[in-house]
Each structure stands twice: as structure tokens, then as C-alpha cells.
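# test case, fold it:
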Amino acid sequence: MKKNPRSKIETPTELELSDSEEEPESSSSSEEEEEDEIERELADVTFEELQKARSNGSHSIYRKDNKEKKTGRANKNRPMEVSCKKPVSRFREVIQVPKKVIRDPRYESLCGNLDVEGFRKRYNFLFEEEFFAEREELRKQMKKTSDPKVIAELKNRISWIDKQLKSDSTKRKDDAILAKHKKKEREAAKQGKQPFYLKKSEIKKRRNIEKYHELKAAGNGKLESYIEKRRRKNAAKDHRHMPYRRSNDNEE
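Sure thing, here's the model as predicted:
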């Protein structure tokens, strides 16, 4: 009969050797994991903190908690969680509301084009009736009161109404001059002539010429009084730009 081979029994020394062979693998894997973790942490460290650690001679850097990075919300209706260590910005969105879109009707195509003539026709009652009636009423109130503050407010309102009426009258005259000029230029363009466009200075010049002829035709010294008024106004304007004598100048 053949003898059965004796089963090999590991001695304590062999067990120690086998354990010692496995330890380097586990230690090397743990070291690699630690190095990877350090690299990940160093990736989040700012350059300023690295410079401070190098200048102080210390190689320890405070590790950031991963919980601080989680600023998201599990649900959009929940409030956002923010760390108390970070200062709150002055301007922040506390409640999410739909953004308002501000549209200027003068420049938005959705509001259509401005019809100047139609606007004047619809609101012509202000310049024909309302402003005149309001001005007369304000003048009556100014005669009844003696309070200087109330009188000043009434005067400001009356001056504003006068400016509105004057600007509307000037605008109407300029439009009439421009319409007359356009009609004339259309007739000239039909004959093959090149159209001429009026400048604002030319429109103002023609308006003053028309006013001069109107005052001259009215008579009763209206033209002379108007010219004298304009002369005093221009003189006062020139007087503001004139240099004054210095107080320390000595007369010989």
C-alpha cells in the first residue's frame, strides 16, 4: 500500500511571514488613499493660505468641511441653507419672485407707433379750455390768500401753465412752417429738383420773421415794445458774462 502524503501544517513562523507579506500591500493602499485625500483637499486650498503656511513654516492647513460646499436644496420650495461663517451680501434675493419687465412705450414695438397728430386732437381740450380756466382760477385764489408759501406755489403753477401754452403755440407754428415747406418741396421734386430739408435753426428764423410781420401788421407799438423787450433780455444775458473788476485793484 502506498503511504498517504502527510498534510502540510503551517508553523507559527510561516504564519508570521505570511502576515508580514500582506501588511505592505494594505499599508501601501492606505497611504495612496491618504495621498489622494490630501490632493483633493489641497485643490480647494487658496493660494493665499498656501503662502501663509509657507511663511509661518507650518505645513498644516485647515481642512475645509465638505458640508459647507453643499448649498443646494432638496426641494426648490425650501429655503437655501447657507453657512453662518460667511458674511451675508448686502443685496441678495430673499424671496424668489418673477422678474418684472419694464417697457417704455416710446421705444417698444409692442405698444405701436406714436401718432402725434392724433394725440394732439384727443388732448386738444387741455390747451384750448382747461389750462386757461385753471390759470384764471389760480389768479383768483392768489388774490384771496396772504400766505407766502401758498402764493409761491400758485405762482409756480401759473408759470408752468404759461410755459405749456407757449411751447404748444411754438410747436404748432413750427409744424405749420414745416408742412408748408414740405408741400413746396414735393412740387419741386416732381419737376426733378433735389429736395431741401429745413434745419431747426432755419425753422426758428422763419418763425421769427412771421412774428415780426404779425406785430408790424397789428400796429399800436407792439413791434417796438417787443424789440425793446428782446433788447433788454439780450443785454441782461450779455451782462452775466462780462468780467468784474477785482476788489484788490488799486486805482492810480
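# okay, now Ala188: neighbour count?
Neighbour count for Ala188, taken as other C-beta atoms under 10 Å: 13. Any C-beta I mention is one placed from the backbone N, CA and C, and that applies to glycine too.
# can you tell me the SS state at the nearest residue to it once chain neighbours are set aside?
Once flanking residues are discounted, Ala188 sits nearest to Pro195: 7.0 Å by C-beta to C-beta, 6 or more residues apart in numbering. Recorded secondary structure, Pro195: coil (DSSP: H, G, I helix; E, B strand; the rest coil).
# give the contact list for Pro195.
Pro195 makes contact with Glu185, Ala188, Ala189, according to C-beta atoms under 8 Å, 6 or more residues apart in numbering.
# distance of it relative to Lys183?
In this structure, Pro195 and Lys183 are 12 Å apart, going by C-beta to C-beta, to the nearest Å.
# and if you look at Phe131?
Shown here: Phe131 relative to Lys183, a distance of 31 Å by C-beta to C-beta.
# and what of Glu81?
Between Glu81 and Lys183 the computed distance is 73 Å (C-beta to C-beta).
# how about Arg120?
Applying C-beta to C-beta to Arg120 and Lys183 gives a distance of 20 Å.
# okay, the two: which has more neighbours?
Set Arg120 next to Lys183 and count neighbours by other C-beta under 10 Å: Arg120 wins out with 15 against 10.
# quick one: low-confidence residue ranges for this protein.
1-31, 41-45, 56-72, 92-93, 246-252 (pLDDT under 70).
# ok, then the element right after the longest helix along it?
Longest helix in the chain, counting residues (DSSP state H): helix 148-190. With elements assigned by DSSP states H and E, the helix or strand that comes after helix 148-190 is helix 200-218.
# could you give the angle of the very next helix or strand once past that next one to helix 200-218?
Of the helices and strands lying after helix 200-218 in sequence (DSSP H and E), the nearest is helix 222-240. Relative orientation of helix 222-240 versus helix 200-218 (axes from the mean of the first three to the mean of the last three C-alpha atoms, to 10 degrees): 140 degrees.
# which elements pack onto helix 222-240?
helix 200-218 (3 or more C-beta pairs under 8 Å, 6 or more residues apart in numbering; DSSP states H and E).
# how is the protein partitioned into domains?
18-60, 116-195, 199-239 (automatic domain parsing).
# correct me, but Arg206 touches Ile177?
Yes. In this structure Arg206 lies within contact range of Ile177 using C-beta atoms under 8 Å: 5.2 Å.
# and the contacts of the helix or strand encompassing Met142?
Element membership for Met142 (DSSP H and E) is helix 131-144. With contacts defined as C-beta under 8 Å, 6+ apart, helix 131-144 is touched by Val150, Ile151, Leu154, Lys155, Arg157, Ile158, Ile161, Asp162, Gln164, Leu165.
# turn those residues into a markdown table, including distance to Lys199 and neighbour count.
Formatted as a markdown table, the contacts of helix 131-144 follow (distance: C-beta to C-beta, whole Å; neighbours: other C-beta atoms under 10 Å):
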| residue | distance to Lys199 | neighbour count |
| --- | --- | --- |
| Val150 | 45 | 13 |
| Ile151 | 42 | 14 |
| Leu154 | 39 | 19 |
| Lys155 | 36 | 13 |
| Arg157 | 35 | 15 |
| Ile158 | 34 | 16 |
| Ile161 | 30 | 17 |
| Asp162 | 28 | 12 |
| Gln164 | 25 | 13 |
| Leu165 | 26 | 15 |
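# greatest separation within the residues you listed: which pair is it?
Val150 and Leu165 (22.8 Å; C-beta to C-beta).
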